[in-house]
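S.K.: Got a predicted model here, sequence first, then my questions.
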Amino acid sequence: MTVSTRTDTGADTRIGELLAEHSLPLSHYLASFTNSSPHSVDDLLQETMLRIWRRLDDVPVDPEGARRWLFTVARNVGIDSVRRARARPVCVELTESVSSATDDTGETAVALNALRAAIGALSDTQRALLVDLHLEGRTVAEVAHRLRVPEGTVKSRAFYALQTVRRAVGAKAA
């Protein structure tokens, strides 16, 4: 493996020419390895050009050979990126609203108490209906079949149960 560490103007001119001629097609190609995130594409292009610069003596002189060689390097960079992403857990960027959120533990506790009281005030039938629909994830049709009532009845009972909970939580929060 030969690593170019030259800083002469010939190498600078050559890498500049390669970048000027091939950066746009390489960027479009590298976008397929990312979710078309502009920052990710720029990072992959930069890594590609760095690898090319390190092996500048290996770049073929003929334009078509150079293009194929550059795209091979870009393909390897893209594959490395995909493999790296699969090996690491998903990164989540914090938005300003999340990172600058205030401590609202007290408000959450009050809201949870109000919700518990509101659900506790429901009839057993209403409570079971909401549990089936919202906690168990059953469909209206499944609940209607289980209770042997029309789907419209399940929908109206759920509507009135939720309305009761909303009013109770709103009254407690106020």
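M.R.: Everything's here; your move.
S.K.: May I ask which helix or strand encompasses residue 122?
M.R.: In this structure, residue 122 is located outside every helix and strand according to DSSP states H and E.
S.K.: what's it in contact with, if anything?
M.R.: Counting by C-beta atoms under 8 Å, 6 or more residues apart in numbering, residue 122 touches 130, 161, 164, 165. (C-beta placed from N, C-alpha, C; glycine too.)
S.K.: Quickly note the distance from the third one to residue 117.
M.R.: Using C-beta to C-beta, to the nearest Å, residue 164 is found at 12 Å from residue 117.
S.K.: got it, and residue 108?
M.R.: In terms of C-beta to C-beta, residue 108 sits 15 Å off from residue 117.
S.K.: Looking at the two, which has the bigger crowd around it?
M.R.: Of the pair residue 108 and residue 117, residue 117 is the one with more neighbours under other C-beta atoms under 10 Å, namely 14 against 10.
S.K.: residues near residue 30, how many?
M.R.: There are 24 residues near residue 30, going by other C-beta under 10 Å.
S.K.: just checking, it touches residue 44?
M.R.: Yes - counting by C-beta atoms under 8 Å, residue 30 does reach residue 44; the two are 4.3 Å apart.
S.K.: shared neighbours of the two, which are they?
M.R.: With C-beta under 8 Å, 6+ apart as the test, residue 30 and residue 44 both reach 74, 77, 78.
S.K.: which one of those has the most neighbours?
M.R.: Ranking the shared contacts of residue 30 and residue 44 using other C-beta under 10 Å puts residue 74 first, with 24 neighbours.
S.K.: now the helix or strand hosting it: mean pLDDT?
M.R.: Using DSSP H and E, residue 74 maps to helix 63-87. Averaging pLDDT along helix 63-87 gives 88.
S.K.: Show residues contacting it.
M.R.: By C-beta under 8 Å, 6+ apart, helix 63-87 touches 18, 22, 26, 29-30, 32-34, 40, 44-45, 47-48, 51-52, 55, 58-60.
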